[in-house]
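Q: Structure for the following, please:
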Amino acid sequence: MKKTIAVLCFALVGVLASARASAGTLYSNGPSNFETGAYPINFEVAISDSFTIAANSTATSATFVAWVFSGDTLSSVDWSIGSNPFAGTATTAATVGTLIGTNGSACASLQETCDVFTETISLGSLELTAGTYWFTLENAVAPSPINPSISDPVFWDQNNGPSTAFEDSVEGFASLNGANGPGTNSETFSINGTSVVPEPSSLLLMGSGLLSLAGMMRRRPKA
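A: Numbers count the residues shown, from 1 in each chain. Prediction:
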């Protein structure tokens, strides 16, 4: 019996030793279509979207789609990740943007045309256990060409992905999903990083060890 337990322990050690870090997208709320709309993330308006991590992971970056007035460039945004909407400590991050299109619908009421950018921000090395979290963006800065000391409006692209979304503003806390349930009015974003994934051969080894232990226990003579 002791020998079997030792074999099982060896198998478990093998699983841990051969687990590999898988780098890539930890969560995606889906692609942008440029057409659904967008919500402001500056001028005292914050937006928080839910996301779920399937395994213990290290989040290193986030991408999101932002709309700014034509000719503007998003320079920074405050982000936080917490266990509840708008929870966590806000951190200012510089943004790296790539122009992906033009759309005027989100800015129509302001009589402007918007450029649409995919933006990337660094999250450092944020350790997340498996579970549901909330990604919040606020205080976005896009310096005005007329007066760089002030920011023009910045909007977070809406794509109606599976996330649940909330708004926090001077008008109060409100759900963006309304009566239509999760997905309605949520935003375009992804959380990127690495997660620990056991190799299939290691899982087979552990399973074989467990089956061996179960067999030994069944054959163990009763006192």
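Q: how about the strands in the chain?
A: In the chain, the segments counted as strands under DSSP state E are 20-28, 38-40, 46-53, 57-69, 76-82, 91-94, 96-103, 114-128, 131-141, 154-157, 165-169, 172-175, 189-197.
Q: Packed most tightly, which of these would that be?
A: When you average the neighbours per residue for each of the strands of the chain (mean count of other CB atoms under 10 Å), strand 154-157 leads with a mean of 28. For glycine as for every other residue, the C-beta is placed from the backbone atoms N, C-alpha and C.
Q: Summarise which helices and strands it is packed against.
A: Counting contacts by 3 or more CB pairs under 8 Å, 6 or more residues apart in numbering; DSSP states H and E, the secondary-structure elements packed against strand 154-157 are strand 38-40, strand 57-69, strand 131-141.
Q: who wins for proximity to Glu112 among these?
A: The minimum distance between Glu112 and the helices and strands packed on strand 154-157 falls on strand 57-69, with 4.9 Å, by CB to CB.
Q: Could I get the pLDDT score of the closest residue to Asn185 other than its chain neighbours?
A: Once flanking residues are discounted, Asn185 sits nearest to Leu176: 3.9 Å by CB to CB, 6 or more residues apart in numbering. According to the per-residue confidence, Leu176 scores 89 in pLDDT.
Q: quick one, what contacts Leu176?
A: Listed by CB atoms under 8 Å, 6 or more residues apart in numbering, the contact set of Leu176 reads Tyr39, Ile47, Ala165, Phe166, Glu167, Thr184, Asn185, Ser186.
Q: 6 Å instead?
A: With contacts taken as CB atoms under 6 Å, 6 or more residues apart in numbering, Leu176 has the following neighbours: Ala165, Glu167, Asn185.
Q: The first one bridge partners, please.
A: According to DSSP bridges, the residues that bridge with Ala165 are Asp49.
Q: Serialize the strands of the chain to TSV and add fields for distance to Pro148.
A: Supplementary listing: the strands of the chain in TSV, determined by distance: least, CB to CB, whole Å:
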stretch	distance to Pro148
strand 20-28	34
strand 38-40	20
strand 46-53	23
strand 57-69	13
strand 76-82	13
strand 91-94	16
strand 96-103	17
strand 114-128	17
strand 131-141	10
strand 154-157	15
strand 165-169	25
strand 172-175	32
strand 189-197	27
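Q: And Thr73, how close does it get to Ile41?
A: For Thr73, the distance to Ile41 (CB to CB, to the nearest Å) stands at 15 Å.
Q: Which one's more surrounded, these two?
A: Relative neighbour count places Ile41 above the other of Thr73 and Ile41, with 26 against 15, counting by other CB atoms under 10 Å.
Q: now that one: how far from Trp67?
A: Between Ile41 and Trp67 the distance, using CB to CB, works out to 10 Å.
Q: ok, back up a step: and the helices and strands packed on strand 154-157, which one averages the lowest pLDDT?
A: Ranked by mean pLDDT, the helices and strands packed on strand 154-157 end with strand 38-40 at the bottom, a mean of 93.
Q: Give me the pLDDT value at Ile121.
A: In this model, Ile121 carries a pLDDT of 98.
Q: Show the contacting residues for the residue most central in space within the chain.
A: Taking CA atoms, centre = their mean, the centroid of the chain lies closest to Ile191, which sits 3.2 Å from it. Residues in contact with Ile191, defined by CB under 6 Å, 6+ apart, are Leu26, Tyr27, Phe51, Ala59, Ala62.
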